[in-house]
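In: fold the following.
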Amino acid sequence: MAIPQTIVVTYIAATPEQVWGALTDPTQSTQYFFGRRVESDWKVDSPFVLRMEDGQVDSQGVVLTADAPYRLSVTWRVEWLEAFRQLPEVIVTWQIDALGDEAVRLTVSETHREPVDEQILQGGRNGWPMIVAGLKTWLETGRRLKLETPQPPPAPDQ
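Out: Numbers count the residues shown, from 1 in each chain. Next up is the predicted model:
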């Protein structure tokens with residue numbers, strides 16, 4: 001089994017159901033995911049799409065695990081930049097662990113099944129903490145964390 005190359009952990013004053021809802025609801029995702037809408041029926045083997053505000057597909061994949069409200073895992077392939085369409089898909093997993101009645105530990109991991117250039121890994125290492133911070137802010141305050149979309153790293157030499 002592959003080892004995650006990127007792991008982000010945070011603690012959120014919310015219930016597992018609230019976090020699950022924010023991860024799977026297209027309207028809520030726009031509040032913390034750089035304006036992107038998640039689209040899926042969240043059933044195993046169903047398509048997963050992350051769509052930009054203009055309708056363009058940012059990323060897409062397939063739902064691998066949907067154990068509401070505790071674990072969601074999808075394959076992930078970046079589509080919005082030509083250079084990244086050639087990269088192998090990754091697995092992104094959100095693990096939601098209840099810590100009492102009103103708090104959770106959220107662990108987001110990005111696992112690559114094939115070797116990936118360090119510059120590409122750095123893109124996820126930069127982006128996921130921003131997304132997780134935005135999700136935490138949204139759930140705890142109802143406000144959008146105003147962060148600029150990170151610029152992608154340069155494409156690796158092929």
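In: packing partners for the longest strand seen in the chain?
Out: Looking across the chain with DSSP state E, the single longest strand is strand 57-67. Contact here means 3 or more Cβ pairs under 8 Å, 6 or more residues apart in numbering; DSSP states H and E; on that basis strand 57-67 packs against strand 47-51, strand 71-78. Heads up, the C-betas are built off the backbone N, CA and C, glycines and all.
In: can you put those in CSV and add mean neighbour count?
Out: Formatted as CSV, these follow (neighbours: other Cβ atoms under 10 Å):
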stretch, mean neighbour count
strand 47-51, 19
strand 71-78, 20
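In: residue ranges with poor pLDDT in this structure?
Out: Residues of the chain meeting the criterion pLDDT under 70: 1, 122, 147-158.
In: could you pull out the helices for it?
Out: Applying DSSP state H to the chain gives helices spanning 16-24, 26-32, 82-85, 118-141.
In: who are the packing partners of the shortest one?
Out: For helix 82-85, the helices and strands in contact under the criterion 3+ Cβ pairs under 8 Å, 6+ apart are strand 71-78.
In: the strand it packs on: partners in the sheet, and parallel or antiparallel?
Out: With DSSP bridges as the test, strand 71-78 is paired with strand 57-67 (antiparallel), strand 90-98 (antiparallel).
In: ok, which of the ones you listed comes nearest K146?
Out: Taking Cβ to Cβ, strand 57-67 is the member of these nearest to K146, at 19.2 Å.
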